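**Q** Output the structure for:
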Amino acid sequence: RTILTFSTLHQVLAAEKTLRNSEAIKNSVRPTPTPPGLGSAICGMSLEVLEKANQQAVLDCLSKGGLNPVGVFEV
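**A** This next block holds a predicted model:
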């Protein structure tokens with residue numbers, strides 16, 4: 001599983017909205033609770049990348065929208 005973490009819930013929701021508006025990757029992520037142990041400076045919700053092959057496209061889309069995740073974790 002690839003987990004994208006953000007500082008706030010607002011950022012998680014904005015990132016999800018940005019990705020849902022991108023036709024090519026709109027079904028590539030889903031919100032998920034942040035797994036324990038990833039850090040205390042991040043929000044309790046994260047985005048899970050559903051297909052590893054789409055990970056770079058997801059990150060590129062978020063970067064264009066100015067919504068870079070705080071962390072990208074393989075769990």
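**Q** rest of the way, CA atoms for contacts and neighbours
**A** OK.
**Q** State the three-state secondary structure for L19.
**A** Using DSSP: H, G, I helix; E, B strand; the rest coil, the structure places L19 in helix.
**Q** contacting residues around it?
**A** By C-alpha atoms under 8 Å, 6 or more residues apart in numbering, the contact set of L19 is 25-29, 58, 61-62.
**Q** Equivalent analysis for V29, please.
**A** Residues counted as contacts of V29 (C-alpha under 8 Å, 6+ apart) are 16, 19, 47-50.
**Q** distance of it from G71?
**A** Note on V29: its distance to G71, by C-alpha to C-alpha, to the nearest Å, is 15 Å.
**Q** Same question for V12.
**A** Between V12 and G71 the computed distance is 12 Å (C-alpha to C-alpha).
**Q** what do you get for K64?
**A** K64 is 17 Å from G71, where distance means C-alpha to C-alpha.
**Q** A41 too?
**A** Plainly put, A41 is 11 Å away from G71 if you go by C-alpha to C-alpha.
**Q** can you check N27 too?
**A** Here N27 is placed at a distance of 20 Å from G71 (C-alpha to C-alpha).
**Q** again, but for R20
**A** For R20, the distance to G71 equals 20 Å [C-alpha to C-alpha].
**Q** now T2
**A** 10 Å.
**Q** Now for L38, how many residues are close by?
**A** Counted with other C-alpha atoms under 10 Å, residues neighbouring L38 total 14.
**Q** Secondary structure element for it, which one?
**A** Following DSSP states H and E, there is no helix or strand that holds L38.
**Q** so what pLDDT did it get?
**A** pLDDT for L38: 82.
**Q** hang on, the earlier thing: okay if I get the contacts of L19 as TSV plus pLDDT?
**A** Compiled in TSV, those are given as follows (pLDDT from 0 to 100):
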residue	pLDDT
I25	90
K26	87
N27	90
S28	92
V29	95
V58	96
C61	95
L62	96
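**Q** Kindly write the ChimeraX command that selects the buried subset of those residues.
**A** If you want just the buried ones from the contacts of L19 in ChimeraX, going by 16 or more other C-alpha atoms under 10 Å, the selection is:
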select :27,28,29,58,61,62
